[in-house]
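*Asks:* Return a 3D structure for these sequence lines:
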Amino acid sequence: MPKTLKITSHGVSFETNKDHWLNELRILQAQKLSIAEGGGARAAERQLKQGKMLARERIEYLIDSGSPFHELGSFAAWEMYQEWGGAPSAGVVTGLGRIEGRECVVVSNDATVKAGAWFPATCRKILRAQEVAMENRLPVVYLVDSAGVFLPLQDEIFPDKDDFGRVFFNNARLSAEGIYQISAIMGSCVAGGAYLPIMSDEALIVEGTGTIFLAGAHLVQAAIGEQIDNESLGGAEVQVDISGVVDDRFPDDRSALDHIRTRIGELARPTMAPFDRREPKPPEVEPDDILGAIPVDRAKPYDTHALLACLLDGSEFTEYKATFGKSLICGTGRIDGWAVGIVANQRQIIHRRRGLEAGNREMQIGGVIYSEAADKAARFVSLMNQKGIPILFLQDVTGFMVGSKSEQEGIIKDGAKLVNVVANSVVPKITIFVGNSFGAGNYAMCGRAYGARFFYAWPSASISVMGGDQASKTLLAIQLKNRGNEVSEDEKAALLDEIKARYWAAAQPRYAAARQWFDEIIDPRETRTIISRSIEAAAHQGRIEEFKVGVLQT
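*Replies:* Below is the predicted model of the structure:
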């Protein structure tokens, strides 16, 4: 029977937490609004004077009226490429949008950011959008307006496996898998970038502003001496009426976007995966309570059940092996009506009984994965795959337990067992970075390398190979190894503070979001809506593959 979870305390610390995170969310929202301005007001004005819509205006016009655009990667390239003036949102807007009732992946170049040129982060972001489309079998709409590769960084964009060319590889694979792609050339489309729309299943172009060619007028003159302007070289009339490279031409952005809506509306309806869904009901707690349940201090323990009370329909949770392996919480519930399995780190300091004698107990550190917890979670993940239930991972993990006792209990074996089943899981996985995400705990709890359909982080998240204090002391010891008594205690303290500050800066959620270690920083209060949208997108995969694992050490 499900148990109704509650938040047991609304004291001073609860209200302090809430006030802190409300302020953090105000800052986050202001930063997102700033990012949405792209290259700034002057660049936007230039684009509008050309008769073109802005990147986000195109998306807003394209998607169904009143339906929210679920943006992914808004913080991509945050505070990166500063020597070139930055690249807000990596110069491209990506996410999920409903078009004629169909969930689609939308990719829209922002020409106000360096004329839509591709930075390394731009490439990663578009590859991630294609990955979302491939895994969830969602149609893709490309709104192309790009000057091509950002040449000062061409060596970081061009030649490797997951660089520029992989985008066109994915174009081919998506089409071969029957996943529809349509492109609208709404501005520049240059050089290798020209392959993206033409390798789509259909391609459109806007007259007067859209151009597509392998080499622009300046390069053509330099290469072969021919003098020609860009419109005569690769404008809409040339590429539709003469070359036939592009399928149709339209007088302006809106008419091209209208045509995309028509084409998406004609698509055959997909067979959806049979994930169970019932009538939703809200949690039994107030929406803002989730902010009070998250400690400001990432090292402070708390009861993860309080977070689940805020996320689950009716705050109802059926826990699996509740009295065993307590450093991981496993169980089932519903989110917006969808049945979900949950694997969450328990941050509360708990005691476990050792042996048969009453009172023979051992304290467990919150957020650490112990052998029996890893064993329990491995079995639970296998069970969710057998039952066809999507899995939600809530990460606040400081790693696996270390020490002689843990080694004797087989922590490596049990940890490997969990990593194995997570890697081979076939039901959709969604990962939310709630707090700490350190070391191998990141892997076991389905970090970026382990194939979740979507990855989100709360503003409280912190991702690194180990905690800042431990890492800073280790790095200090390495730096001081050969310096002996040359360094005073004051110098050591100052150096430690410097290392710690630098290390913690790299562990913050915006740093991770800039490098696209997850898809978006989200407001914890919107988690239920975002998980529901993610599961609905994942259901487009159709059938569920057979669950298989390799050799497990038992």
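*Asks:* for this protein, longest helix please?
*Replies:* helix 12-36 (DSSP state H).
*Asks:* what packs against it?
*Replies:* helix 289-292 (3 or more Cβ pairs under 8 Å, 6 or more residues apart in numbering; DSSP states H and E). Backbone N, C-alpha and C define where each C-beta goes, glycine included.
*Asks:* quick one: contacts of the helix it packs on?
*Replies:* 7, 10, 14-15, 17-18, 21-22, 25, 307, 309-311, 524-525, 527 (Cβ atoms under 8 Å, 6 or more residues apart in numbering).
*Asks:* Pull out the buried positions in it.
*Replies:* Residues 289, 290, 291, 292 are the ones in helix 289-292 that count as buried (16 or more other Cβ atoms under 10 Å).
*Asks:* and which of those is nearest to residue 338?
*Replies:* residue 290 (18.3 Å; Cβ to Cβ).
*Asks:* State the distance from the closest one to residue 23.
*Replies:* Taking Cβ to Cβ, to the nearest Å as the measure, residue 290 falls 15 Å from residue 23.
*Asks:* ok, back up a step: tabulate the buried residues of helix 289-292 (JSON lines), appending distance to residue 264 and pLDDT.
*Replies:* Output for the buried residues of helix 289-292, formatted as JSON lines (distance: Cβ to Cβ, whole Å; pLDDT from 0 to 100):
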{"residue": "289", "distance to residue 264": "39", "pLDDT": "95"}
{"residue": "290", "distance to residue 264": "35", "pLDDT": "96"}
{"residue": "291", "distance to residue 264": "38", "pLDDT": "96"}
{"residue": "292", "distance to residue 264": "42", "pLDDT": "95"}
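*Asks:* Give me the phi and psi for residue 318.
*Replies:* In terms of degrees, to the nearest 10, the main-chain angles of residue 318 are phi -100, psi 100.
*Asks:* And the pLDDT for it?
*Replies:* The model reports residue 318 with a pLDDT of 98.
*Asks:* still on that earlier bit, quick one: which of the buried residues of helix 289-292 is nearest residue 344?
*Replies:* residue 290 (13.6 Å).
*Asks:* Setting the sequence-adjacent residues aside, check what's closest to that closest one.
*Replies:* residue 310 (3.8 Å; Cβ to Cβ, 6 or more residues apart in numbering).
*Asks:* Within the helices and strands, which one has the one you found?
*Replies:* helix 304-311 (DSSP states H and E).
*Asks:* List every C-alpha atom in that helix, with coordinates, as CSV.
*Replies:* Provided in CSV are the C-alpha atoms of helix 304-311 (Å, rounded to 0.1, in the frame of the first residue of the first chain):
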residue,chain,number,x,y,z
THR,A,304,14.6,13.0,1.1
HIS,A,305,11.0,11.7,1.7
ALA,A,306,10.1,15.4,2.2
LEU,A,307,11.1,16.1,-1.4
LEU,A,308,9.1,13.2,-2.6
ALA,A,309,6.1,14.5,-0.8
CYS,A,310,6.3,17.6,-3.0
LEU,A,311,6.7,15.7,-6.2
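*Asks:* Need the mean per-residue confidence for that helix.
*Replies:* 96.
*Asks:* just checking, what packs against that helix?
*Replies:* Helix 304-311 packs on helix 289-292, strand 316-320, strand 328-335, strand 338-345, strand 391-397, helix 527-538, going by 3+ Cβ pairs under 8 Å, 6+ apart.
*Asks:* for the protein, which spans come out with low pLDDT?
*Replies:* Within the chain, the stretches with pLDDT under 70 are 351-365, 465-487, 492, 494-497, 500-501, 503, 554.
*Asks:* Correct me if wrong, but residue 441 is in a strand.
*Replies:* No - the assignment for residue 441, made by DSSP: H, G, I helix; E, B strand; the rest coil, is helix rather than a strand.
*Asks:* Report the contact partners of it.
*Replies:* Going by Cβ under 8 Å, 6+ apart, the list of residues near residue 441 reads 345, 369, 395, 397, 398, 399, 400.
*Asks:* So what's the residue count around the fourth one?
*Replies:* Right, the one you point to is residue 397. Neighbour count for residue 397, taken as other Cβ atoms under 10 Å: 30.
*Asks:* Present the buried residues of helix 289-292 as TSV; the columns should include distance to residue 87.
*Replies:* Converted to TSV, these look like this (distance: Cβ to Cβ, whole Å):
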residue	distance to residue 87
289	38
290	33
291	31
292	37
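*Asks:* List just the nearest of those to residue 406.
*Replies:* Of the buried residues of helix 289-292, the one sitting nearest to residue 406 (Cβ to Cβ) turns out to be residue 290, at 32.4 Å.
*Asks:* Report the distance from the strand or helix carrying residue 258 to the chain centre.
*Replies:* Using DSSP H and E, residue 258 sits in helix 253-265. Put simply, helix 253-265 sits 28 Å off its chain's centre (Cα atoms, centre = their mean, to the nearest Å).
*Asks:* just stretch 382-398 next, same as before
*Replies:* 17 Å.
*Asks:* go on, stretch 413-425?
*Replies:* On Cα atoms, centre = their mean, the centre of stretch 413-425 falls 22 Å from the chain's centre.
*Asks:* Quick one: residues contacting the closest residue to residue 517 other than its chain neighbours.
*Replies:* Leaving aside its sequence neighbours, residue 517 sits nearest to residue 448 (Cβ to Cβ, 6+ apart; 5.1 Å). Going by Cβ under 8 Å, 6+ apart, residue 448 touches 442, 455, 517, 518.
*Asks:* Turn those residues into TSV, columns for distance to residue 208.
*Replies:* Listed next are the contacts of residue 448 as TSV, based on distance: Cβ to Cβ, whole Å:
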residue	distance to residue 208
442	50
455	40
517	41
518	40
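*Asks:* Confirm residue 187 sits in a strand?
*Replies:* Yes - when classified by three-state DSSP, residue 187 is found to be part of a strand.
*Asks:* My guess is the residue nearest to residue 290 contacts residue 283. True?
*Replies:* Yes - between residue 310 and residue 283 a contact is recorded at 5.6 Å, counting by Cβ atoms under 8 Å.
*Asks:* Okay, helices next: where are they in the stretch 151-300 of the chain?
*Replies:* 164-176, 195-198, 217-224, 230-234, 236-237, 253-265, 289-292 (DSSP state H, counting those that start in this stretch).
*Asks:* Tell me how far the shortest one lies from the chain's centre.
*Replies:* Okay, so that is helix 236-237. Per Cα atoms, centre = their mean, the centroid offset for helix 236-237 relative to its chain is 38 Å.
*Asks:* I appreciate the help and will end here.
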